[in-house]
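Student: turn this into a model:
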Amino acid sequence: MTTTLALLILFGSALMVLANLRSVVQDTYEMLRVSTKRFLDKGELTRRTAFALLWLLIFTLSFWG
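Tutor: Numbers count the residues shown, from 1 in each chain. As a prediction, this is how the structure comes out:
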């Protein structure tokens with residue numbers, strides 16, 4: 001019963017996202033544009049990108065290492 005309910009919620013959520021895909025894409029683009037501008041203005045883009053890549057490297061190596 002729980003699995004069926006979980007799958008119904010998952011499919012319902014996916015359906016809602018797909019029905020509003022244009023809005024989702026526009027909001028995501030706007031968020032990325034504003035965040036990138038803020039990071040570039042404050043000079044945090046390089047530092048945060050390096051931090052994200054470090055964690056990506058750690059997780060990648062932990063799975064295939």
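Student: only C-alpha atoms for contact and neighbour calcs from this point on.
Tutor: Will do.
Student: so where's this protein shaky on pLDDT?
Tutor: Low-confidence segments of the chain (pLDDT under 70): 65.
Student: all strands of the protein, in order?
Tutor: For the chain, applying DSSP state E gives no strands.
Student: so which residue is dead centre in it?
Tutor: T28 (9.2 Å; CA atoms, centre = their mean).
Student: do you know how far that residue is from S35?
Tutor: 10 Å (CA to CA, to the nearest Å).
Student: count of residues packed around E44?
Tutor: E44 has 13 neighbours, counted by other CA atoms under 10 Å.
Student: if you could redo that for T36, that was the one I meant.
Tutor: T36 has 14 nearby residues by other CA under 10 Å.
Student: grab the nearest non-local neighbour of it.
Tutor: Nearest residue to T36, sequence neighbours excluded (CA to CA, 6 or more residues apart in numbering): L45, at 7.3 Å.
Student: next, count neighbours for the one you found.
Tutor: Residues near L45, counting by other CA under 10 Å: 16.
Student: tell me how far stretch 45-56 is from the chain's mean position?
Tutor: On the basis of CA atoms, centre = their mean, to the nearest Å, stretch 45-56 sits 15 Å off its chain's mean C-alpha point.
Student: with stretch 35-53 instead?
Tutor: With CA atoms, centre = their mean, you get 16 Å for stretch 35-53.
Student: now do the same end-to-end measure for it.
Tutor: 18 Å.
Student: list the buried residues in that stretch.
Tutor: For stretch 35-53, burial by neighbour count (16 or more other CA atoms under 10 Å) applies to L45.
Student: contact partners of stretch 20-36?
Tutor: V17, L45 (CA atoms under 8 Å, 6 or more residues apart in numbering).
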